[in-house]
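Colleague: Mind looking at a prediction? Sequence and model below.
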Amino acid sequence: MILALAALGLYWLLMPQPILVETAEVVISHFQDTIEEDGRTRVRDRYLVSAPLSGRVQRLALKAGDTVQTGQKLATITPPVSPLLDPRVRLELEAQVGAAEASVEEAESLYEQAKVLQAQARADLERTEKLAKQNITAAAQLQREEYLVLAAERQVIASERRWHAATHVLDQARAALKSADNSESGESYPVLSPIDGRVLRVVQESESVVSQASPLVELGDPGDLEIAVDVLTTDAARIKDGDKVVIERWGGPTDLQGTMRRVEPSGFTKVSALGVEEQRVWAIVDITSPRETWTGLGDGYRVEVKIVVDEMDQAIVVPTGALFRRGDAWSVFVVEEGRAHLREIQVARLSARVAAIAQGVRPGEIVVVYPPAALADGSKVRLQ
């Protein structure tokens, strides 16, 4: 009897013990492949108002955040008399008028071009809507066309503002040239606001003598924001114009929606926190959520963005940690009746967190996540 008990105890000690594993259930869910990066808000169109001529600028009463109107006086410059009567200065002012006239013509041409692109985008949207009613095109294509129309409309507004700004710069240059003929003492030159907006930054606050082209005030419209995100060039290759963007952790109670407007064509080198050189490129995001939902956002605010580069409805989803390579194929361990069984699968989509499976597992099955090295086909397992 004692020998039998000893043999039984020795068998129990030598018997392979179940391996403790972490598991997850195979589910049917919406699959998304996203790129997550930090971004920074910025005013879409910034205007740096500079001194049109040399002289003494009086102390500015404006503060950052003040609202300004088109034509409102921002500063007053009292120029010295001799430079205004100098023939060289007169020629320079005439050249500035010519350059300003050319800028107005260029801005007007860009405005007309933006209107043509807007009309084309609307025509494409109307055609896509007709195809969508006939179930010929996908809903994602229709949504992408709607976002492109929205971007074209904003581009028209921006180009029109640039045209108006160039017109005001021309008026300032002509006024400066006209003042060269006035040699009366005590004359002053007002610096006017080229746009309706707010003061972003006061560069020259105190009274001082400034040279021509010295920056005075930076203006913009904080209600017209975009988000600049620097992404790895390997990720940027997967991003398309019109991709959906989710804006998270910006300080508000709910996430904001956006759309990818443009990935800039030129990259740059950035050193990461670990000291590794990375090639990155700027991606520009438009905020499509209603303005009243993000009134708390301002220029230069940090946000986190999630760029959706691929998605699939009603996909069989498993965690990426459950997948591993055996040869050229993907495999998983499926837990059945307390044992792990090796099974080869076919992956339809793959992201950093989850994978969409085309064949090999069924919804409701249990798979091993991060399988240990000791796990083999048929091994007994114990679930955490």
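Modeller: In hand now; what should we look at? Numbering: from 1, shown residues only.

Colleague: Report the secondary structure element holding residue 150.
Modeller: helix 139-179 (DSSP states H and E).

Colleague: Does that helix pack against any helices or strands, and if so which?
Modeller: helix 87-133, strand 189-192, strand 256-271, strand 277-287 (3 or more CB pairs under 8 Å, 6 or more residues apart in numbering; DSSP states H and E). Heads up, the C-betas are built off the backbone N, CA and C, glycines and all.

Colleague: Just put these in a markdown table and tack on distance to residue 331, mean pLDDT and mean neighbour count.
Modeller: Listed next are the helices and strands packed on helix 139-179 as a markdown table, based on distance: least, CB to CB, whole Å; pLDDT from 0 to 100; neighbours: other CB atoms under 10 Å:
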| stretch | distance to residue 331 | mean pLDDT | mean neighbour count |
| --- | --- | --- | --- |
| helix 87-133 | 40 | 77 | 15 |
| strand 189-192 | 70 | 88 | 18 |
| strand 256-271 | 35 | 93 | 15 |
| strand 277-287 | 32 | 95 | 18 |
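
Colleague: and residue 29, which of the ones you listed is closest to it?
Modeller: Distance to residue 29, taken as CB to CB, is lowest for strand 256-271 among those, at 20.5 Å.

Colleague: which helices and strands sit right next to that closest one?
Modeller: When contacts are defined as 3+ CB pairs under 8 Å, 6+ apart, strand 256-271 sits against helix 139-179, strand 225-232, helix 233-236, strand 244-248, strand 277-287.

Colleague: Just tell me which of the ones you listed ends up closest to residue 112.
Modeller: That would be helix 139-179 among the helices and strands packed on strand 256-271, by CB to CB, at 8.6 Å.

Colleague: quick one, the closest one and strand 256-271 angle?
Modeller: Inter-element angle recorded for helix 139-179 and strand 256-271: 70 degrees (by axes from the mean of the first three to the mean of the last three CA atoms, to 10 degrees).

Colleague: What residues are bridge-paired with the residue positioned nearest the centre of the chain?
Modeller: Among the residues of the chain, the one closest to the centroid is residue 285, at 3.3 Å (CA atoms, centre = their mean). Taking DSSP bridges as the rule, residue 285 bridges to residue 227, residue 260.

Colleague: measure it to residue 33 for me?
Modeller: Using CB to CB, to the nearest Å, residue 285 is found at 17 Å from residue 33.

Colleague: repeat for residue 326
Modeller: Remark: distance between residue 326 and residue 33 (CB to CB) = 24 Å.

Colleague: Pick out whichever of the two has more residues nearby.
Modeller: Between residue 326 and residue 33, counted using other CB atoms under 10 Å, the more crowded position is residue 33 (19 against 9).

Colleague: how much space between the more buried one and residue 52?
Modeller: Going from residue 33 to residue 52 by CB to CB gives 52 Å.

Colleague: does residue 381 sit in a helix or strand, and which one?
Modeller: strand 381-383.

Colleague: Low-confidence regions, the stretch 151-300 of the chain specifically.
Modeller: When residues are selected by pLDDT under 70, those of the stretch 151-300 of the chain lie in 179-186.

Colleague: switch to 50 and redo it
Modeller: By pLDDT under 50, the stretch 151-300 of the chain has no low-scoring segment.

Colleague: hang on, residue 199 is in a strand, isn't it?
Modeller: Yes. Under DSSP: H, G, I helix; E, B strand; the rest coil, residue 199 sits within a strand.

Colleague: dump the residue contacts of it.
Modeller: Counting by CB atoms under 8 Å, 6 or more residues apart in numbering, residue 199 makes contact with 62, 63, 64, 65, 66, 67, 68, 217, 218, 219.

Colleague: buried subset of the residues you listed?
Modeller: Buried residues within the contacts of residue 199, counting neighbours by 16 or more other CB atoms under 10 Å: 62, 68, 217, 218, 219.

Colleague: Residue 145 is nearest to which of the helices and strands packed on helix 139-179?
Modeller: helix 87-133 (4.4 Å).

Colleague: quick one: the closest one to helix 139-179, angle?
Modeller: 160 degrees.

Colleague: Just checking the distance from helix 87-133 to the centre of its chain.
Modeller: Distance, stretch centre to chain centre, for helix 87-133: 24 Å (CA atoms, centre = their mean, to the nearest Å).

Colleague: who does it touch, helix- and strand-wise?
Modeller: Packed against helix 87-133 by the contact rule (3+ CB pairs under 8 Å, 6+ apart) you find helix 139-179.

Colleague: The helix it packs on versus strand 277-287: what angle between them?
Modeller: Relative orientation of helix 139-179 and strand 277-287, computed by the same axes, to 10 degrees: 90 degrees.

Colleague: For residue 310, give me the pLDDT.
Modeller: Model confidence at residue 310, given as pLDDT, is 89.

Colleague: is it true that it lies in a helix?
Modeller: No. Applying three-state DSSP, one finds residue 310 to be strand, outside a helix.

Colleague: Out of the contacts of residue 199, which comes closest to residue 160?
Modeller: Taking the contacts of residue 199 together and measuring to residue 160 by CB to CB, the closest member is residue 219, at 16.2 Å.

Colleague: Skipping its backbone neighbours, what lies nearest that closest one in space?
Modeller: In space, residue 219 comes closest to residue 47 once its chain neighbours are excluded; the distance is 4.5 Å by CB to CB, 6 or more residues apart in numbering.

Colleague: other SSEs contacting the helix or strand where the one you found lies?
Modeller: Residue 47 belongs to strand 46-50 when elements are defined using DSSP H and E. The contact analysis (3+ CB pairs under 8 Å, 6+ apart) places strand 46-50 against strand 215-220.

Colleague: for the strand it packs on, the distance to its chain's centre please.
Modeller: 24 Å.

Colleague: and the angle for it with strand 46-50?
Modeller: 160 degrees.

Colleague: Shouldn't residue 356 be within a strand?
Modeller: Yes. Counting by three-state DSSP, residue 356 is located in a strand.

Colleague: what's it in contact with, if anything?
Modeller: 31, 312, 315, 316, 317, 347, 348, 349, 350.
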